[in-house]
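In: Give me a model of this one.
(chains A and B)
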Amino acid sequence: MKITFTINGTERSVEVDGDTPLLWAIRDGLDLKGTKFGCGKAACGACTLHVDGQAVRSCSYPAKMAEGKVITTIEGLGGEALHPVQQAWKEEVVPQCGYCQPGFMMATAAMLEKIPNPTDEDIDNNIINVCRCGTYYRMRKAIHRAAAIASKAQ
Amino acid sequence: MDKSKNKKKGVKRRKFLKYTGASLALMIGGTWLARNPIRRTIYASAEVTIGPYPGDTTPQLWLEVTPQNEILLHSAKVEMGQGTFTGLAQLAAEELEVAVEKIKVIHAETISGNLDLFATGGSMSIATLWVPMREMAAIMREMMRSKAAEKLGVAIGDLSLMDGVFSAQGKTLTYGEVVEGVTEWDVPDAPELKPKSAFKIIGKEIPRVDLHDKVVGAPIFGIDATYPDMLYASVVRPRLVDAKMSNFDFSEAEKMPGVVKIVQEHNFVAVVAESHVEALSARKKIKFDYTPNNTWNLADIKEKIKVGTGTKTIIQKNGDSPKDIDGEGEIIEMEFRSPIGAHAQMEPNGAVAWYKDGKVDIKVSTQVPKITRDEVAKVMGISTDDVNIIPTFLGGGFGRRLHTPNAVQAAILSRAVGRPVKSFLDRKQEFQNDTFRPPSHHIMKGKVSPKGELLGLEHSIASGDTLFNYTILPKIANSAIRADIGSIRGGSIMYDGIPNHRAVYYHSDLPFATSFWRSLGLLANTFAIESFIDEIAIKTNQSPVELRLKNLTQEDAHKVRIRNVIKAAADKAGYTDEVRDGVAMGFAASIDAGTPCAQVVELSIVNDEIKIHKVTAAMDCGIAVNPDQVRAQVEGCICMGISASMFEQMDLRDNKLYPVNYGAYEMALMRNTPKEIDVVLVEGADFAGPVGEPPLGPIGAAIGNALRRLTGKRLTELPLKVG
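Out: Residues are numbered from 1 along each chain as shown, chains lettered A, B, ... in the order given. Prediction:
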């Protein structure tokens, strides 16, 4: 079936079976490779993107549910400049292998929309993706830094 | 055409050392039929020696200057997060006299001829290229200098070089302008390298060279690679260990939408389809029978991996076993275990291949480009020159990509359908077909004098294969070396002050694939030794820090460095045996690949859960090429070590390995990560030593030791659980 949605500010259509996970529709259908496959069971968060502003694990989200919705992926997170989360990630030099990082940045950006100044406990409860290189320590610092950058910008 | 890579005739012979000898191969050759004492020397040197870089260090293979004034560094080492690309760029920039940003590091394709004969791994990339990379850059610089002098019509001695620009008598030439139009180069001998005091870029905390790509989600990984008109494949992989698959029935799978072809070739079966999801769905419809050879459960594995069972090799022998030591004293004995560990790297294994006109290009995340190339050529029956492995960034390595048969499979599938094919494992296949960290069993025995002195210490290890399962090693390696150098890593006793200290290894084959897992046996071996040392300290009423220092008596460089690291960690953390406000400290130390590391863990128990508040780590890798990235590796090892020490374990029930996905395979997450990680870098050597794995040593034991002091109970099995 043909599914149409707005992704990173542009209206796009994909022709896939409606039950195809949104992840594959975007990666292979639209060639946006920033959203990663990790587990296929919504267990690791590598595929996190935003649907209507909500963080969604796209490996377990049927493409047909995205019809008419607004999707943001890592490629569209920042627009012209880097998003405060990406900026903070850079300043703290967070990534190692880098594979899980888009998912973490998308999860963080969604959290900061709801909780602009998260406590460590907020971070522990909301950022539950998996990073095998163990960059969590720097991520926590980057999340606090991103909150500071975003609040300064306002 | 006018790239400096094109070296032609008229070139002077360079004299610098070309490393073609592979230390490991020499080691095996030299050990064949060797006597035990020689073997033990090898085991000992494997723990502290950095071998030569196993590959070609011709500057033109590694460095390329384009007329657009871009310097390309073609790296035979792959980037899997460890920061090697950044380190190599810093080493090259230092001698080339350019800013790091001027250098673009890319993976060397195998067709370029720039091959690492073995692998990226073992914490050896920067350590082995520390001299050769700088020499290659220095030679390149001098090649440029002499050509610049010629072009400008000035004497070489009159040229000055700054930020990649030569100047003399008011005239300037950039590197790019120097190479323009040049097809023949004089290659000088390696000039003298800059002394440490002159370093401007080495030792500087510049951001990772791949930072921007990784922050914007650039398509840099194997799974992101594409070719035009590409198809997708899913390969059938066994869910059962030690079982044969037969009687394949494709009738249902063939009818599934999008299926292009079902291929049964070489030793595998796969579906090729128009999309990834269609390939996956159709593959699940393939029916077949399993014939298990034997029934396996976890209890059978524990029975096999047991001190006293399997092939015995004495890996360290200084004096007698505790029971044979004369004189008064108490024998203390403890038993430890570690589980089967999964790699659980985030990017699943796979490859994208395009077979055309008898040649094949393969984009793949691999730690072994050269070995993969050779394997593809052999299986496809084509020349290695007709196989080009194009390495991509790796979504984690950790030893999981030391064998990448998916490249062969993708190549065969591409040939079978006449189009490019991308083939990747799903996560369940990853967990069930991992090359696991083998489980281990340890018996620590010590003899303590009435005065509380350690008279003897013996570590007996039982484990499975790591090195011996490595495809590059000939089968004779097993019987030649006898003790698997991977499994015994960190297994010897570093405390030379104990008059009798020994280590014994028992090897058994396992019914599932096992291989390298970041730091190999180091985590489990250090857990056993350092938990036991802590227990001795408690029994004899000594400070665990003092007990360790007291038993490191020799004045050789390694022992001095270990002592300094132990002191640095204890001082920085303010180590104490006392439990304060419900927070206990645990201390542990290890030396791996010549890099000593000591850690202090501070933890408490909150709601029946271990809560680690802080880890202080001191490490001496010699010169830190990029201290920020060295700290990142220490932090990463600590997080991965916490995960492996407190959560991770595989189960085996009726030949099936469990769990098969994240979540069920418990791992440390953000909430389990200490809020504070304090890294002290001690620079006790004048070379850049190994970094990526040594900090994984102490963490498990340090957690266990803190728990012992907090609860009074000694935990002897990983993962550590309370409540």
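
In: Once you drop chain neighbours, what's closest to the residue of the stretch 601-723 of chain B at minimum distance from chain A?
Out: For the stretch 601-723 of chain B, the residue closest to chain A is B:Cys639, as judged by CB to the nearest CB, at 2.6 Å. Where C-beta positions appear, they are placed from N, C-alpha and C, glycine not excepted. Excluding its sequence neighbours, the residue lying closest to B:Cys639 (CB to CB, 6 or more residues apart in numbering or on different chains) is A:Gly134, at 2.6 Å.

In: which ones are touching B:Pro627?
Out: If a contact means CB atoms under 8 Å, 6 or more residues apart in numbering or on different chains, then B:Pro627 has B:203, B:205, B:681 as its contacts.

In: What of B:Met140?
Out: Applying CB under 8 Å, 6+ apart, the residues contacting B:Met140 are B:4, B:59, B:63, B:65, B:96.

In: Spell out the secondary structure type for the residue of the stretch 601-723 of chain B closest to chain A.
Out: The three-state label given to B:Cys639 by DSSP: H, G, I helix; E, B strand; the rest coil is helix.

In: Please determine how far it is located from B:Leu715.
Out: 20 Å (CB to CB, to the nearest Å).

In: who has more neighbours, the two?
Out: B:Cys639 (28 against 20; other CB atoms under 10 Å in any protein chain shown).

In: I'd say the more buried one and B:Leu669 touch.
Out: No: judged on CB atoms under 8 Å, B:Cys639 makes no contact with B:Leu669 at a distance of 9.7 Å.

In: what's the overlap in contacts for these two?
Out: The contact lists of B:Cys639 and B:Leu669 share A:Tyr136, where a contact means CB under 8 Å, 6+ apart.

In: centroid residue for chain A?
Out: A:Met106 (2.5 Å; CA atoms, centre = their mean).

In: Identify the residue spatially nearest to A:Gly18, adjacent ones excluded.
Out: A:Lys64 (3.3 Å).

In: for B:Val448, same thing?
Out: Excluding the flanking residues, the one nearest B:Val448 by CB to CB, 6+ apart is B:Glu330, at 5.2 Å.

In: What does the one you found show for phi and psi?
Out: Here is the backbone geometry of B:Glu330 (degrees, to the nearest 10): phi -110, psi 140.

In: Distance check, it against B:Pro450.
Out: B:Glu330 sits 8 Å away from B:Pro450, taking CB to CB as the criterion.

In: ok, the two, which is more surrounded?
Out: B:Glu330 (14 against 9).

In: Against the centre of chain B, work out the most remote residue.
Out: Outermost residue of chain B with respect to the C-alpha centroid, by CA atoms, centre = their mean, is B:Gln169; its distance is 50.0 Å.

In: For B:Tyr505, name its beta-bridge partners.
Out: B:Thr313, B:Ile461 (DSSP bridges).

In: Quick check: buried residues in stretch B:315-327?
Out: By neighbour count on 16 or more other CB atoms under 10 Å in any protein chain shown, the buried set for stretch B:315-327 is B:315-322, B:325.

In: Out of those, the closest to chain A would be?
Out: Nearest to chain A among the buried residues of stretch B:315-327 is B:Ile315, at 29.8 Å by CB to the nearest CB.

In: From what I see, that closest one and B:Val504 are in contact.
Out: Yes: with contacts counted by CB under 8 Å, B:Ile315 reaches B:Val504, the gap being 6.8 Å.

In: what secondary structure does the residue lying closest to B:Leu681 once chain neighbours are set aside sit in?
Out: Excluding the flanking residues, the one nearest B:Leu681 by CB to CB, 6+ apart is B:Ala624, at 5.3 Å. The three-state assignment at B:Ala624 reads coil, by three-state DSSP.

In: burial count for B:Ala624?
Out: Neighbour count for B:Ala624, taken as other CB under 10 Å: 24.

In: Compute the first-to-last residue distance for stretch B:600-614.
Out: 8 Å (CA to CA, to the nearest Å).

In: quick one: B:Lys261 is in a strand?
Out: Yes: assessed with three-state DSSP, B:Lys261 lies in a strand.

In: what's near enough to touch it?
Out: With CB under 8 Å, 6+ apart, B:Lys261 has these contacts: B:271-272, B:416-417.

In: so does stretch A:43-58 get close to chain B?
Out: Yes: between stretch A:43-58 and chain B, judged by CB under 8 Å from any CB of the partner chain, the touching residues are A:43-44, A:46.

In: What is the neighbour count of the closest residue to B:Arg714 other than its chain neighbours?
Out: The shortest distance from B:Arg714 to any non-neighbouring residue, by CB to CB, 6+ apart, is to B:Arg708 (5.0 Å). B:Arg708 has 18 neighbours, counted by other CB under 10 Å.

In: OK, contacts around whichever residue of the stretch 51-200 of chain B sits closest to chain A?
Out: Taking CB to the nearest CB, chain A has its nearest neighbour within the stretch 51-200 of chain B at B:Gly81, 3.1 Å off. Contact partners of B:Gly81, counting by CB under 8 Å, 6+ apart, are A:95-98, A:133, B:394, B:396-397, B:636.

In: Sort out which of these are in helices and list them.
Out: Those of those mapping onto helices are B:Gly636, per DSSP state H.

In: coming back round to it: just to check, the residue nearest to B:Leu681 is in contact with B:Val682?
Out: No: contact criterion CB under 8 Å: B:Ala624 and B:Val682 do not qualify, at 9.9 Å.

In: Map the structural domains onto the sequence of chain B.
Out: The record's domain parsing of chain B by automatic domain parsing lists B:52-216, B:222-293+B:349-424, B:305-342+B:435-711.

In: Check the offset of the first one from the chain's centre.
Out: Relative to the centre of its chain, domain B:52-216 is centred 24 Å away, using CA atoms, centre = their mean, to the nearest Å.

In: Over to the shortest one?
Out: Here domain B:222-293+B:349-424 shows a centroid-to-chain-centroid distance of 25 Å under the convention CA atoms, centre = their mean.

In: picking that back up, now the residues of stretch A:43-58 next to chain B in a markdown table, please, with extra columns for secondary structure and distance to B:Asp434.
Out: Output for those, formatted as a markdown table (DSSP: H, G, I helix; E, B strand; the rest coil; distance: CB to CB, whole Å):
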| residue | secondary structure | distance to B:Asp434 |
| --- | --- | --- |
| A:Ala43 | coil | 16 |
| A:Cys44 | coil | 16 |
| A:Ala46 | coil | 18 |
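
In: Could you grab the helix/strand/coil label for B:Ser492?
Out: coil.

In: any idea how far it lies from chain A?
Out: Distance, B:Ser492 to chain A, by CB to the nearest CB, to the nearest Å: 27 Å.

In: middle-most residue in chain B, spatially?
Out: Nearest to the mean C-alpha position of chain B, counting by CA atoms, centre = their mean, stands B:Gly121 at 3.5 Å.

In: In what element of secondary structure is it found?
Out: Using DSSP states H and E, B:Gly121 sits in no helix or strand.

In: Just the residues contacting stretch B:294-305, thanks.
Out: Outside stretch B:294-305, the residues that reach it (CB under 8 Å, 6+ apart) are B:241-242, B:309-310, B:337, B:340, B:438-441, B:462-464, B:508, B:510-511, B:651-655.

In: And that stretch, what's buried?
Out: Those would be B:296, B:298, B:301, B:304-305, for stretch B:294-305 by 16+ other CB under 10 Å.

In: Just send those residues back as TSV, with secondary structure and pLDDT too.
Out: Listed next are the buried residues of stretch B:294-305 as TSV, based on DSSP: H, G, I helix; E, B strand; the rest coil; pLDDT from 0 to 100:
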residue	secondary structure	pLDDT
B:Trp296	coil	97
B:Leu298	helix	98
B:Ile301	helix	97
B:Lys304	helix	96
B:Ile305	coil	97
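
In: of the residues you listed, closest to B:Arg145?
Out: B:Ile305 (59.1 Å; CB to CB).

In: ok so, going back, before we move on, what SS does the residue of the stretch 51-200 of chain B closest to chain A have?
Out: coil.

In: thinking again about what came up before, which one of the contacts of B:Lys261 is nearest B:Lys284?
Out: Out of the contacts of B:Lys261, the member with the shortest distance to B:Lys284 (by CB to CB) is B:Val271, at 9.2 Å.
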